[in-house]
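Engineer: Below are the sequence and a predicted model for it; my questions follow.
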Amino acid sequence: MKQKKLSLYQEYKASLKDTSAEEFLDLCLFRPFAFILVKLIYRFPVTPNQISFISITTGIISGIFYSKGNAASFIYGGLFLGLTHILDCCDGMVARLKKSGTLVGRIIDGIADYVNTIAIYTGLGIGLYRSNFEFPFSPLLLVLLTGICLAVHSMVVDYFRNEFMAHALGKTKSVQEEIKLFSSELEITEQMKGKYFDKLLIKVYLKYSNIQARTTPRRIKYDSKEYYHANKGLLRLWNCFGATTHIFMLMLSSFLYEPVILFFYTLGVANVGMILLWIIQVKTNKRIALNTDT
């Protein structure tokens, strides 16, 4: 039977994760640009992993531009930062459309995020140190604190996003299930000749996951419909403090050559907002939690 051709909008939706878990700026800005790029390269034999490695290259280039410290280099740094995030969106979109995603690909995508963040913020710190900006503290200290806050914000938002996907939509696995999945993949890969890089990545990921399993609190059970209605609005608010918003704020700061915008948002607005939101989230989950010991 002939497969019905999808419209552009249907293709775009198929390339996304669940829209309720997507950040607003991704949905209306970065992912549309990424989808255009995906449509241009879709027919070529480009793999998601290759796109991830290209994003690492653009991330490092962005950091190099930031390290120069002048207004023009900050604009180029911001442009390459935007391109890096668009490519980061592309790898997953290609994997979903081509159904070519792999467990190793998920690990590489995570590594790319870490490498890019370190490269960009290291370059930013060096650039601000070389610039003529005057700050109440060392610019290197400010960038370090901003990077730490970014990491914490991203982890907290990802946690509550995954909790929503699990309890409201039933679409994510527990850490223990992830360990079983990757352990099975490692057994299969161990039987193959070569693939030493894949084996190494899976082993490292399993070490990390086992540490995470020991520190992750036990999931409380909820009624899925009640959790969805109680947390849908809260998730939208959490997404306002996700990694994409930080990227947008850094790009805006770069184009205007006003790094204080990034510091004001990350060290001020985002920290205060997340503390208030955390209090509301804890009270909400406590109210709707099921009384069960299982």
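Structural biologist: Cool, got the structure. Numbers count the residues shown, from 1 in each chain.
Engineer: my guess is Tyr76 contacts Ile64, does it?
Structural biologist: No - applying Cβ atoms under 8 Å, one finds Tyr76 not in contact with Ile64, separated by 9.2 Å. C-beta: built from backbone N, CA, C; applies to glycine.
Engineer: Quickly note the distance from the spatially most central residue of the chain to Glu185.
Structural biologist: Within the chain, the residue whose C-alpha comes closest to the C-alpha centroid is Ala243; the distance, by Cα atoms, centre = their mean, is 5.9 Å. In this structure, Ala243 lies at 26 Å from Glu185, with Cβ to Cβ, to the nearest Å as the measure.
Engineer: do Ile179 as well
Structural biologist: Counting by Cβ to Cβ, the gap from Ile179 to Glu185 is 11 Å.
Engineer: does Ile61 really touch Gly78, like I thought?
Structural biologist: No - here Ile61 lies out of contact with Gly78, judged by Cβ under 8 Å, at a distance of 12.0 Å.
Engineer: can you pull out the helices in this structure?
Structural biologist: For the chain, the helices defined by DSSP state H cover 8-14, 24-25, 31-41, 48-68, 71-98, 103-130, 139-167, 175-190, 196-215, 224-239, 243-256, 260-263, 271-288.
Engineer: JSON lines for these, including mean pLDDT?
Structural biologist: As requested, the helices of the chain are arranged in JSON lines below (pLDDT from 0 to 100):
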{"stretch": "helix 8-14", "mean pLDDT": "76"}
{"stretch": "helix 24-25", "mean pLDDT": "92"}
{"stretch": "helix 31-41", "mean pLDDT": "91"}
{"stretch": "helix 48-68", "mean pLDDT": "96"}
{"stretch": "helix 71-98", "mean pLDDT": "93"}
{"stretch": "helix 103-130", "mean pLDDT": "93"}
{"stretch": "helix 139-167", "mean pLDDT": "92"}
{"stretch": "helix 175-190", "mean pLDDT": "84"}
{"stretch": "helix 196-215", "mean pLDDT": "81"}
{"stretch": "helix 224-239", "mean pLDDT": "93"}
{"stretch": "helix 243-256", "mean pLDDT": "97"}
{"stretch": "helix 260-263", "mean pLDDT": "96"}
{"stretch": "helix 271-288", "mean pLDDT": "95"}
